[in-house]
Every structure is written in structure tokens, then in C-alpha cells.
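*Asks:* Fold the following.
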Amino acid sequence: MIKAFHMDDRLIHGQVAISWTRSLGINLILIINDEIVNDEFRKMSLKLGVPDGVKYGFRTVEKGIEFLNGSDGKKYNIMALVNNTADALRVSTAVPEITKVTVGGIRKNAPQVYESLCLDERDIENLKEIISLGKPVGMQPTPGNKFVSLDKYLEIPNK
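*Replies:* Alright, predicted model coming up:
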């Protein structure tokens, strides 16, 4: 069962490892990203942040979608993590069980649209497309934070 679908450029870090897993009873953290699957150093680094007693997995976007839609995914309380809007769009479009996207932060060289959230034009379009599917997208660094819908913040920056 998907308990959370979260986008954060840091993927596994203290807020995910402690706040989200404890609050939602997460027993599987699933990182979905085509590049990280093949990056042994990055995977090793991310594994260090996984709390004791919580399983973890790394999947390509395609394999992550298959897992989340399949029967094996129903055995766990899953927090699925992506680190960019393109992956968030692909996964949320293909996985009906995902009902909202929470965002911890995207820090990159792009205009800041909200605290810890820097998006370029393509990112904004991706998030608007997720919202058009009827799936809210909002900032929520931890489960204790209020979900702040990003609808009104997703204006394409002036060129």
C-alpha cells in the first residue's frame, strides 16, 4: 500500500528517515529513478539513511511503476520517492493508487517558486499536469507540516 509519494532532491534524509517513516508506519522506502539504479556509490550513500527495520529498494521508473501497481507492492507500507518532476509525472500518471504528491524540496538553478522549491518551465508544466489528473501537489517537508497546495505558485517565470 502506498502511504506516501514524495518528491525531494535529497531523497533519503533525516525528515524522510525519521518523521515520515515513523508517522506513517513505513516499512519500505522505494526510490524510483533511472540514473540512481545504476549508480552504486549513490545507492550506497542513500542506504545509510534508511532506518533500522525499514526495507529499501531502487527501481527504474518503469520497474517502480510495475512494483507499485503489482501485488508485491501491496505487502508493504510504502513511501515512494522521486527527485524530479519528470519522474513524479510519469509515476503519478501510471499509478492510480497515488492520490497526492508531497514535496520536500527541489533545489536547483531555477527560479524559486516557494521555500526550498526551485522550478524551471518544464517542471511547472509537469506539476500542472499532475494536478490536472486530480492529484494535489503540495509542499510538505514532514507529516507534521501542513500540506501547502502549490496550485497558485506554479506560474511560469518571466523569460
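*Asks:* Now the closest residue to residue 64 other than its chain neighbours, what are its backbone angles?
*Replies:* Distances taken as C-beta to C-beta, 6 or more residues apart in numbering put residue 32 closest to residue 64, at 3.5 Å, once the chain neighbours are dropped. C-betas here are computed from N, CA, C, even on glycine. Main-chain dihedrals, residue 32, degrees, to the nearest 10: phi -120, psi 110.
*Asks:* start at 13 instead
*Replies:* From this message on, residue numbering opens at 13, which makes the last subject residue 44.
*Asks:* Report the contact partners of residue 44.
*Replies:* Contact analysis of residue 44 by C-beta atoms under 8 Å, 6 or more residues apart in numbering lists 71-73, 76-77, 92-94, 99, 103.
*Asks:* Neighbour count, secondary structure and distance to residue 160 added to those residues, as JSON lines?
*Replies:* Output for the contacts of residue 44, formatted as JSON lines (neighbours: other C-beta atoms under 10 Å; DSSP: H, G, I helix; E, B strand; the rest coil; distance: C-beta to C-beta, whole Å):
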{"residue": "71", "neighbour count": "20", "secondary structure": "strand", "distance to residue 160": "29"}
{"residue": "72", "neighbour count": "16", "secondary structure": "coil", "distance to residue 160": "30"}
{"residue": "73", "neighbour count": "19", "secondary structure": "helix", "distance to residue 160": "26"}
{"residue": "76", "neighbour count": "27", "secondary structure": "helix", "distance to residue 160": "26"}
{"residue": "77", "neighbour count": "20", "secondary structure": "helix", "distance to residue 160": "27"}
{"residue": "92", "neighbour count": "29", "secondary structure": "strand", "distance to residue 160": "21"}
{"residue": "93", "neighbour count": "27", "secondary structure": "strand", "distance to residue 160": "19"}
{"residue": "94", "neighbour count": "25", "secondary structure": "strand", "distance to residue 160": "19"}
{"residue": "99", "neighbour count": "21", "secondary structure": "helix", "distance to residue 160": "21"}
{"residue": "103", "neighbour count": "24", "secondary structure": "helix", "distance to residue 160": "21"}
